[in-house]
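Asker: Sequence and predicted structure, then a few things I'm wondering about:
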Amino acid sequence: MYKVGFIGLGAMGRGICHNVIEAGNDVRVFDLSKDAMDVFKGVAEPCATAVEAAEGADVVFMSLPNSRIVESTVDSLIDAGVEGKLIVDLSTSDPTSTRKLHDKVMEAGGNMVDTPLIAGPQEAWDKTLTIVVGGDEDVVEAHKDLFDMYSAGWDYVGPSGNGHLVKLAQNWAGLLQAVLYAQLYPVMEHYGIPAEKLYHVLDSDFFSNWFFRFYSDKYVKRDYRMDFSLDLALKDMTYMKRLCDEAGVPGFMLDGAIDLARLTLKEAAAEGKGKVDTSAVADTMYRLCEE
């Protein structure tokens, strides 16, 4: 068993932390939200800071919103001392940043792996999600039991940053499908094909997959309930765009998807809606087609 520091108890981190505790580890937790820490009252020790949560830990988990916050958190942990510690980044982070952080942690005497989560909050809690792991192979091999504690299965995908690369590839494919159908249904309806009829025709072996069904159902019903916030989707698409820029290739489809996401967020802010779901891009398209 491990002494664990857990930083970030949001939608995904909460479930992973639950399973790490269930596995019998000694866990200290930190989140900016007291309510998030209260979920683990009596089964984990609450801490006032990320550094405090990491004190004395063998393993430090991070489940954080973006690479900027991951970077500042890792820097604070290095300043406090990471010798002998393994940092596990569960976040969806910029792979280039991840590789730089890995090297910094190594120089400070610790190690770091990237294990982004593939599924949703309920799967994280139920331990039915899968993960990919990027990092030094010998370190990953030595911690196989750790990854088994909170996943239904995992794959080693190579050196540091590769886990985040695989997650971004999955998000790239999924988010671009979400944006594709968000534009398709409103435009076809504008020309006289009801969204429900188009969904029925396209729901076949040629087109159908999880992303198609999940987002098509929302777009046909115009039900933009919160499942994955658009600001997080935009963050992921921006990371993907950065990868294209660094490779020196245009992000052809990404550019349009990013523009639509930004327009939707701008309009939501102007209307005082606060956070909106990724599917809200279809609402913008329906409005544009109806003007």
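Answerer: Received it, and whenever you're ready, just let me know what you need.
Asker: As a check, name the ranges of all helices in the stretch 101-250 of the chain.
Answerer: 121-126, 137-142, 144-150, 162-190, 195-202, 210-221, 230-247 (DSSP state H, counting those that start in this stretch).
Asker: Out of those, which is the most enclosed?
Answerer: helix 162-190 (a mean of 20; mean count of other C-beta atoms under 10 Å). Every C-beta, even on glycine, is put in place using the N, C-alpha and C of the backbone.
Asker: Run the angle between that one and helix 195-202 for me.
Answerer: 120 degrees (axes from the mean of the first three to the mean of the last three C-alpha atoms, to 10 degrees).
Asker: tell me the angle helix 162-190 makes with helix 210-221.
Answerer: Using the same axes, to 10 degrees: helix 162-190 against helix 210-221 is 30 degrees.
Asker: tell me what helix 162-190 is packed against?
Answerer: Helix 162-190 sits against helix 95-107, strand 111-114, strand 130-133, helix 195-202, helix 210-221, helix 230-247, helix 252-270, helix 280-290, with contacts defined as 3 or more C-beta pairs under 8 Å, 6 or more residues apart in numbering; DSSP states H and E.
Asker: Might you report the residue contacts of Val220?
Answerer: Neighbour list for Val220: 185, 195-196, 199 [criterion: C-beta atoms under 8 Å, 6 or more residues apart in numbering].
Asker: Just give the closest residue to it, not the sequence neighbours.
Answerer: Ala195 (4.6 Å; C-beta to C-beta, 6 or more residues apart in numbering).
Asker: Let me know how buried Asn25 is, in neighbour terms.
Answerer: Summarising burial for Asn25: neighbours were counted as other C-beta atoms under 10 Å, giving 20.
Asker: Would you check that it makes contact with Val4?
Answerer: Yes: using C-beta atoms under 8 Å, Asn25 is in contact with Val4, at 4.9 Å.
Asker: Export the helices and strands packed on helix 162-190 as CSV, with columns for mean pLDDT and distance to Phe61.
Answerer: As requested, the helices and strands packed on helix 162-190 are arranged in CSV below (pLDDT from 0 to 100; distance: least, C-beta to C-beta, whole Å):
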stretch, mean pLDDT, distance to Phe61
helix 95-107, 97, 14
strand 111-114, 98, 11
strand 130-133, 95, 12
helix 195-202, 97, 40
helix 210-221, 95, 27
helix 230-247, 95, 19
helix 252-270, 97, 29
helix 280-290, 97, 31
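Asker: Would you format those as CSV with distance to Gly153 included?
Answerer: Shown next, in CSV, are the helices and strands packed on helix 162-190 (distance: least, C-beta to C-beta, whole Å):
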stretch, distance to Gly153
helix 95-107, 22
strand 111-114, 16
strand 130-133, 5
helix 195-202, 31
helix 210-221, 17
helix 230-247, 23
helix 252-270, 30
helix 280-290, 32
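Asker: Nearest residue to the middle of the protein?
Answerer: Centroid check for the chain by C-alpha atoms, centre = their mean gives Thr92 as the closest residue, at 4.1 Å.
Asker: gap between the residue lying farthest from the centre of the chain and Cys289?
Answerer: Most distant from the centre of the chain: Gly192, at 37.3 Å, with distances by C-alpha atoms, centre = their mean. Look at Gly192 and Cys289: by C-beta to C-beta, to the nearest Å, they are 12 Å apart.
Asker: Repeat that for Lys197.
Answerer: Lys197 is 16 Å from Cys289, by C-beta to C-beta.
Asker: Also Lys100?
Answerer: 44 Å.
Asker: do the same with Ile78
Answerer: 51 Å.
Asker: Between these two, tell me which one has more neighbours.
Answerer: Using other C-beta under 10 Å, the more surrounded residue of Ile78 and Cys289 is Ile78, with 19 against 15.
Asker: Can you say which helix or strand has the more buried one in it?
Answerer: helix 67-80 (DSSP states H and E).
Asker: Tell me where the model's unsure across the stretch 51-200 of the chain.
Answerer: Counting by pLDDT under 70, the stretch 51-200 of the chain shows no low-confidence range.
Asker: how many other residues sit next to the nearest residue to Gly13 once chain neighbours are set aside?
Answerer: Spatially, and ignoring its direct neighbours in sequence, Gly13 is nearest to Ser63 (2.9 Å; C-beta to C-beta, 6+ apart). Neighbour count of Ser63, defined by other C-beta under 10 Å: 26.
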